[in-house]
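Engineer: Next come a sequence and a model predicted from it.
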Amino acid sequence: MPAVSKGDGMRGLAVFISDIRNCKSKEAEIKRINKELANIRSKFKGDKALDGYSKKKYVCKLLFIFLLGHDIDFGHMEAVNLLSSNRYTEKQIGYLFISVLVNSNSELIRLINNAIKNDLASRNPTFMGLALHCIANVGSREMAEAFAGEIPKILVAGDTMDSVKQSAALCLLRLYRASPDLVPMGDWTSRVVHLLNDQHLGVVTAATSLITTLAQKNPEEFKTSVSLAVSRLSRIVTSASTDLQDYTYYFVPAPWLSVKLLRLLQCYPPPDPAVRGRLTECLETILNKAQEPPKSKKVQHSNAKNAVLFEAISLIIHHDSEPNLLVRACNQLGQFLQHRETNLRYLALESMCTLASSEFSHEAVKTHIDTVINALKTERDVSVRQRAVDLLYAMCDRSNAQQIVAEMLSYLETADYSIREEIVLKVAILAEKYAVDYTWYVDTILNLIRIAGDYVSEEVWYRVIQIVINRDDVQGYAAKTVFEALQAPACHENLVKVGGYILGEFGNLIAGDPRSSPLIQFNLLHSKFHLCSVPTRALLLSTYIKFVNLFPEVKATIQDVLRGDSQLRNADVELQQRAVEYLRLSTVASTDILATVLEEMPPFPERESSILAKLKKKKGPSTVTDLEEAKRERSVDVNGGPEPAPASTSAVSTPSPSADLLGLGAAPPAPTGPPSSAGGLLVDVFSDSASAIAPLAPGSEDNFARFVCKNNGVLFENQLLQIGLKSEFRQNLGRMFIFYGNKTSTQFLNFTPTLICADDLQANLNLQTKPVDPTVDGGAQVQQVVNIECVSDFTEAPVLNIQFRYGGTFQNVSVKLPITLNKFFQPTEMVSQDFFQRWKQLSNPQQEVQNIFKAKHPMDTEITKAKIIGFGSALLEEVDPNPANFVGAGIIHTKTTQIGCLLRLEPNLQAQMYRLTLRTSKDTVSQRLCDLLSEQF
């Protein structure tokens, strides 16, 4: 091989890379790397001084080794030395190494900053560019403190080269995004705006990105940019593609700059009339060009052209002041609704949703209703179908409400499960909002329950009951309709709830018809009783006592039902209490007293629809609301009767169906009089000492185990109190929000929650809490924040003790707080070879814990995967040779150390057994993780 001179390249680096690529195994690669690292270390420590070329070569090798995934703990000083070189290639490698490998807390940062300052002051455009790139790549707060005042001067200096201006603008943008408080606004802000007039389009593009970000926080400082942006945009859109050859992309002149300018203009309201006229011409030109035949069949041409078009439409929508432009934009988007490109159809539907809210373009959007309905039925992509649903919802008004609701109901029968609940909410809102005839509204909601009952939330059926009770003209029709609906062999439980409530209140309005006599109504409802959950049975018992008042002729029949062992000796205390009290009430109360106690519900106060509030919450930043999470996770409602029951017993006034104690899915309890004092529901009821700590509440251990693989839900609930959790963890830190809900109408006094940690747990887990209000009003909730820091691995969990007074009685409840070691897991992805190599390294007997156990739950693959992911580790697919096995990997982060963890779960379907193996670098961690995870299967 001919000799390679030092100026021609780095032969040693090329040979090393070739050797690495030729390695036959991972072991051979590691051996070659270790050999090279030893050689480089000896060269750096040798007596002979290295020249710049040799330093560059060895630093390059270290960088390559780092990119292969190996740690590099030396060579940083040599890289810093390269920064002082006058050779571009040596300085470039030095900056590259620092950008990738130097930590912002490094002791070398001062030396690096000095080298960068020297290069920025050199006025050599190449060296200045390297220095600016390094600042932007590191982007640390220390870099911002050192250079945030210097870079604006370079940017606006008259003698700065165009390439350096570009780098300076983007570097300043990076520092502003990382540390906005360290970038001072000053005289340079007015001068940077004038970069929009620069002859170099690269400078204009970089400056536009910077100004757009700065204008979002400081609009007044940069409002002069509007006229300059319009002027520059006008020159671009009216130019031929040949005028801007260097910045023309597939026949579209400067598409990136056009998009950035249009986005900048969206930071401000419509400009002055003179500037507005020029901007309108620009936007019309963009819309006109969209109608022209394409100049190229390549997808890059259409992508660039459409990017500018959609940004122009976004600006038109933002200004919402030019009816002609809005209608033209709507028509242009209408053409995209049937385009063969899925992304264009999606974007068109999304933009039209916004256009539908404008008074100028709403009618134009409505003309595309048939196309949107067709998209809903035929579109393959679920995200596009969801946007179609959103657009139908947005374009709905009184003229087309019945058509749109009918189409959405029709689509609901085959809709994807992921969007059914949202469709249900929207149908319910539209039916209520545009109901001219409330009989149509009742029919629609009942149809909604029939089609998608599982997705009809409590807010929906609460709302229909509110409306029926508040409108006399629809009560008879509602009673007749639900009676007919209940005659179907299979009724959804939500329909039974609605039917029970409405017939309990207004069944007398249809009792004159022999086909719906009182006895037939009762028998129809009671035929559904044994199929329903405890809360629905509680509601039906309240309906029965209402029937005693409405229809004296069925009193004996109902008393026989209430007297039955299945009611009086029911295992559920709520049903038992209702049956006893209602039976006694029907026996001893006179007709007048019954009529007073069980009178018809008064109208509900007018308030914002709780359905609309839920939809707003659902469409907010979080994809799944707390309410829905908890609703899914709660398998049993220990109190029963969360619905607004028909019975208005005792002195309790109308229930509030839209109330939600914790935001965690617990509806208000039915008015049942004073809460029961049945054993077990109130812990330590008769305790006189406020300092005594109650034993753990019944079911606390089970609830604790349920939270090992999840972070949100209801931790504890009895007749008085509900405790909900919402938590988040990152590395060794966590934050937990605890919600305490008062389920009664009486205040909790001296409300004191306390976190209790054993002595050994205090050393390993730091918990900081904020005090809560000692008074919790009836039906209200309070929130407590717990900040968590994992110092070292731990086994036990803290105990949450709540003490308060209710109606003069001291209450004392203790539950285990689900802060477990696996919460500090960070998932780690790795390939099969790496996994089993690491598995072999953790082969010491004390590092492995294995447990063989019987499956407690059905052995479902998807549930198992979800639990392993919820446990915190990464689920590694196609790693284990046996595809039926599950393997995972992660790192437990504590303040003092990081502990690598590998797990392997081997199911035996025939024997209904599992073998779980945990290997970590610490035996106590292996044992604890194995104990926690074994309880989940």
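Structural biologist: Nice, thanks for sending it over. Bear in mind the structure is a predicted one, so any value in this text is a computation, not a measurement.

Engineer: per-domain residue ranges of this structure.
Structural biologist: What the TED database lists as the domains of the chain is 396-598, 700-819, 822-935.

Engineer: can you put these in a markdown table and add mean neighbour count?
Structural biologist: Just so you know, the C-beta spots here come from the backbone N, C-alpha and C atoms, and that holds for glycine as well. Shown next, in a markdown table, are these (neighbours: other CB atoms under 10 Å):
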| stretch | mean neighbour count |
| --- | --- |
| domain 396-598 | 19 |
| domain 700-819 | 18 |
| domain 822-935 | 17 |
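
Engineer: now those as JSON lines including mean pLDDT and distance to L337?
Structural biologist: Converted to JSON lines, those look like this (pLDDT from 0 to 100; distance: least, CB to CB, whole Å):
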{"stretch": "domain 396-598", "mean pLDDT": "89", "distance to L337": "16"}
{"stretch": "domain 700-819", "mean pLDDT": "86", "distance to L337": "39"}
{"stretch": "domain 822-935", "mean pLDDT": "85", "distance to L337": "36"}
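
Engineer: could you dump those domains to a markdown table with distance to M352?
Structural biologist: Shown next, in a markdown table, are the domains of the chain (distance: least, CB to CB, whole Å):
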| stretch | distance to M352 |
| --- | --- |
| domain 396-598 | 13 |
| domain 700-819 | 35 |
| domain 822-935 | 37 |
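
Engineer: list the contacts for the nearest residue to F886 once chain neighbours are set aside?
Structural biologist: Excluding the flanking residues, the one nearest F886 by CB to CB, 6 or more residues apart in numbering is L905, at 4.3 Å. By CB atoms under 8 Å, 6 or more residues apart in numbering, the residues touching L905 are 864, 868, 885-888, 914-917, 933, 937.

Engineer: Mark which of those residues are part of strands, please.
Structural biologist: Among the contacts of L905, the members falling in strands (DSSP state E) are 886-888, 914-917.

Engineer: Going by distance to N570, which of those residues wins?
Structural biologist: The nearest member of the ones in strands among the contacts of L905 to N570, counting by CB to CB, is Y914 at 36.8 Å.

Engineer: The closest one and S832: what is the separation?
Structural biologist: Y914 is 22 Å from S832, where distance means CB to CB, to the nearest Å.

Engineer: for R21, same thing?
Structural biologist: Counting by CB to CB, the gap from R21 to S832 is 21 Å.

Engineer: go on, D320?
Structural biologist: Distance, D320 to S832, by CB to CB: 56 Å.

Engineer: which one of the ones in strands among the contacts of L905 sits closest to R735?
Structural biologist: G888 (24.6 Å).

Engineer: hang on, the earlier thing: now the ones in strands among the contacts of L905 in a markdown table, please, with extra columns for distance to F824.
Structural biologist: As requested, these are exported to a markdown table (distance: CB to CB, whole Å):
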| residue | distance to F824 |
| --- | --- |
| F886 | 21 |
| V887 | 20 |
| G888 | 15 |
| Y914 | 24 |
| R915 | 25 |
| L916 | 20 |
| T917 | 21 |
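
Engineer: Kindly indicate which of these lies nearest K260.
Structural biologist: Among the ones in strands among the contacts of L905, and counting by CB to CB, the member closest to K260 is G888, at 43.7 Å.

Engineer: hang on, that closest one packs against S873?
Structural biologist: Yes - if you go by CB atoms under 8 Å, G888 and S873 touch, sitting 3.5 Å apart.

Engineer: can you give me the helices for the stretch 151-300 of the chain?
Structural biologist: Along the stretch 151-300 of the chain, counting by DSSP state H, counting those that start in this stretch, helices occupy 151-156, 162-178, 188-193, 201-217, 225-237, 255-265, 273-291, 299-319.

Engineer: Same check on the stretch 451-600 of the chain?
Structural biologist: 458-470, 472-485, 493-506, 518-529, 534-550, 555-563, 565-568, 573-588, 591-597.

Engineer: got CSV for these, with distance to N374 too?
Structural biologist: Formatted as CSV, these follow (distance: least, CB to CB, whole Å):
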stretch, distance to N374
helix 458-470, 28
helix 472-485, 31
helix 493-506, 31
helix 518-529, 39
helix 534-550, 40
helix 555-563, 52
helix 565-568, 53
helix 573-588, 50
helix 591-597, 56
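
Engineer: do you know which of the ones you listed lies nearest H893?
Structural biologist: H893 sits nearest to helix 458-470 of all the helices of the stretch 451-600 of the chain, at 39.5 Å, using CB to CB.

Engineer: Output stretch 452-459 in CSV with nothing but the alpha carbons.
Structural biologist: Extracted as CSV, the C-alpha positions of stretch 452-459 are listed here (Å, rounded to 0.1, in the frame of the first residue of the first chain):
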residue,chain,number,x,y,z
ALA,A,452,-72.3,2.2,22.8
GLY,A,453,-73.5,1.8,26.3
ASP,A,454,-70.0,0.9,27.6
TYR,A,455,-68.7,4.3,26.5
VAL,A,456,-71.6,6.4,27.9
SER,A,457,-70.1,8.0,30.9
GLU,A,458,-72.0,9.0,34.0
GLU,A,459,-72.1,12.6,32.9
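
Engineer: now that stretch, how far from the chain's geometric center?
Structural biologist: 21 Å (CA atoms, centre = their mean, to the nearest Å).

Engineer: element containing I892, please.
Structural biologist: strand 886-893 (DSSP states H and E).
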